[in-house]
Each structure stands twice: as C-alpha cells, then as structure tokens.
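Asker: Curious how this folds, go ahead:
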Amino acid sequence: MDFPIRITPILRPLLFPLRASGERAVVRVGGGRVEVEFGVLFHGSFALEQIEHVSRSGWSWWGGLGLRIGARGRVGLIGSLDGVVCVHFNRAQRVRAPFPWRCRELYISLHDPEGFIATVEAEAHMAAA
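Answerer: Below you'll find the predicted structure:
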C-alpha cells in the first residue's frame, strides 16, 4: 500500500528538481517491508522486524523542511509540519540520504499518518503469526 509524503505547496517548487514529488515521494508498505523514497534525496528499505514501533510525532518549525539529517541517527523527510510519524528502529539502519547514513529514527510527514501506522502494525502482526 502506498502512502504519499505530505509536501506543502510552498515547498513543492524547491523539491521538484530533486524529483521529490508524486510517485517519488512515497512510503510503500507490503511484502514484509517498508520502502521509503524521497526523490533523489533519500531511499530506505526496511524489513518489518527491524521496526520497533511507529507513532505519531511532531516536528518543530525550527527543525526545517525537506531532508533533515541530525545527530543520534535522526532523519527527517519533512514536507509539512502536519501528519508527522516517527518510525523507531530496533537498531540503526543504513539509508541513502544522499550518502550512506545510519538511521535510528525516521520522521516522515504523511497525508494519512493513521492509515500508515495501522498498516504497519497489521503487516507486522501478520508477519509474526
């Protein structure tokens, strides 16, 4: 199932040259995996068993928009301050953002955060059964 990343209208022209829009700004859940793409800026692929939990979160305006790489393994794909979720991993994961990086927490602004959380939890439950 696809979950588009929420991008505010003011940010779209800035991200468009980096192909972070439409089908290239999406989170896909299925087949025991979560795939995250944010144009040429970010790509990550994670097995469900690598995810500790997923929760609603916030992102402060001073944290900035776009691809944000922070200390202690925090990565943000923030196209909007609304609809932010945090994917907490049970150990640091390798991602390409635009260079290899270790990610412990992945923050993503989504159009349907509750649907994403419910889908990840349902997929994880089915994988564990």
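
Asker: Run a quick neighbour tally on Trp62.
Answerer: A count of neighbours around Trp62, defined by other CB atoms under 10 Å, yields 5. Quick note: C-beta positions are derived from backbone N, CA and C, even for glycine.

Asker: Over to it. Which of the three states is it?
Answerer: What DSSP: H, G, I helix; E, B strand; the rest coil gives for Trp62 is helix.

Asker: again with Val75
Answerer: From three-state DSSP, the assignment for Val75 is strand.

Asker: residue contacts, it?
Answerer: Shown in contact with Val75 (CB atoms under 8 Å, 6 or more residues apart in numbering): Phe42, Leu67, Arg68, Ile69, Val95, Ala97, Trp101, Cys103, Glu105, Leu106, Tyr107.

Asker: Please apply the same query to Leu81.
Answerer: Contacts for Leu81 (CB under 8 Å, 6+ apart) come out as Gly58, Trp59, Ser60, Trp61, Leu65, Ser109.

Asker: could you dump those to JSON lines with neighbour count, distance to Leu77 and pLDDT?
Answerer: Below are the contacts of Leu81 laid out as JSON lines (neighbours: other CB atoms under 10 Å; distance: CB to CB, whole Å; pLDDT from 0 to 100):
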{"residue": "Gly58", "neighbour count": "10", "distance to Leu77": "15", "pLDDT": "91"}
{"residue": "Trp59", "neighbour count": "20", "distance to Leu77": "10", "pLDDT": "90"}
{"residue": "Ser60", "neighbour count": "8", "distance to Leu77": "15", "pLDDT": "87"}
{"residue": "Trp61", "neighbour count": "8", "distance to Leu77": "16", "pLDDT": "86"}
{"residue": "Leu65", "neighbour count": "20", "distance to Leu77": "10", "pLDDT": "84"}
{"residue": "Ser109", "neighbour count": "24", "distance to Leu77": "7", "pLDDT": "96"}
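
Asker: Which member of those residues is positioned nearest Ala47?
Answerer: Nearest to Ala47, judged by CB to CB, of the contacts of Leu81 is Ser109 at 23.3 Å.
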